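Asker: Sequence first, predicted coordinates after that:
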Amino acid sequence: MKLPKRWLARIAVGILLSTLPVAFQPEPAQGSLHWPESRKEQIRVRLVALAWSHPRSSFFANEEIFVAEKELTPGELRLVKLVYGFLPYQPRLSENGFDYSTLHEIQAVRDPNCDQTLRDLMLDDRDGKEYPLHYSPDSPSVNLDRRRMPLPCYLTTADDYTKALYRPVGSDVPLLTRR
């Protein structure tokens, strides 16, 4: 039986590669991905104002953007931007629990790429007009002098919503400024 020249060449290359030292052999491909894993953290927030809300879609994911107060420690609060994503069959956060006396426990991811100032949150990209925030009942109004400081952004979904605690605002919680 006579082998074609191509087969003989392939066999010779195979024998040559198997006899080469390990240093000259090609490295196997690495199959792991090298981007950072997003870490969810458990946070507590009070909703101060609704900055923007999509009209509800029955086909695509929806979102609402809030100005919220994140509880750092009991009595210590910080303003944050909260982006709440939900699917068509899930409830809006503004429909259930848009009350300042409700403390929401959620799992959220900190995303520095969506940090915005209060001024940017209030501006409409389409026409350049500034629209007022829609405040929740009994919430303090936001100090508009803070417009130049970017608010840290947190992303969450309806699936990451843990629970709502009714905790009336007492004298132990400092308010930003009353309207």
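Answerer: That came in fine, so what should we check first? Worth saying up front: this structure is predicted, and the values here are computed from it rather than measured. Numbers count the residues shown, from 1 in each chain.

Asker: which strands and helices sit next to the strand ranked longest in the chain?
Answerer: Ranked by residue count, the top strand of the chain under DSSP state E comes out as strand 40-53. If contacts are counted by 3 or more Cβ pairs under 8 Å, 6 or more residues apart in numbering; DSSP states H and E, strand 40-53 sits against strand 62-73, strand 76-86, strand 102-110, helix 118-122, strand 134-135. Quick note: C-beta positions are derived from backbone N, CA and C, even for glycine.

Asker: who does the third one touch, helix- and strand-wise?
Answerer: Using 3+ Cβ pairs under 8 Å, 6+ apart as the contact definition, the elements that strand 102-110 packs against are strand 40-53, strand 153-157, strand 161-166.

Asker: pLDDT averaged over it - what is it?
Answerer: The predicted model assigns strand 102-110 a mean pLDDT of 91.

Asker: Flag the shaky bits of this structure, pLDDT-wise.
Answerer: For the chain, applying pLDDT under 70 flags the ranges 1-5, 7-8, 16-38, 124-127, 144-147, 169-179.

Asker: in its sheet, what does the longest strand of the chain sit against?
Answerer: strand 62-73 (antiparallel), strand 102-110 (antiparallel), strand 134-135 (antiparallel) (DSSP bridges).

Asker: Which among these is found nearest to Q90?
Answerer: strand 62-73 (8.5 Å; Cβ to Cβ).

Asker: what comes up buried for that closest one?
Answerer: Of the residues in strand 62-73, 62, 64-71 count as buried by neighbour count, 16 or more other Cβ atoms under 10 Å.

Asker: Please tabulate these in CSV and include distance to I11 as additional columns.
Answerer: Below are the buried residues of strand 62-73 laid out as CSV (distance: Cβ to Cβ, whole Å):
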residue, distance to I11
N62, 62
E64, 66
I65, 66
F66, 69
V67, 72
A68, 69
E69, 73
K70, 68
E71, 71
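
Asker: coming back round to it: winner for burial among the helices and strands packed on strand 102-110?
Answerer: Of the helices and strands packed on strand 102-110, the one with the most neighbours on average (mean count of other Cβ atoms under 10 Å) is strand 153-157, at a mean of 20.
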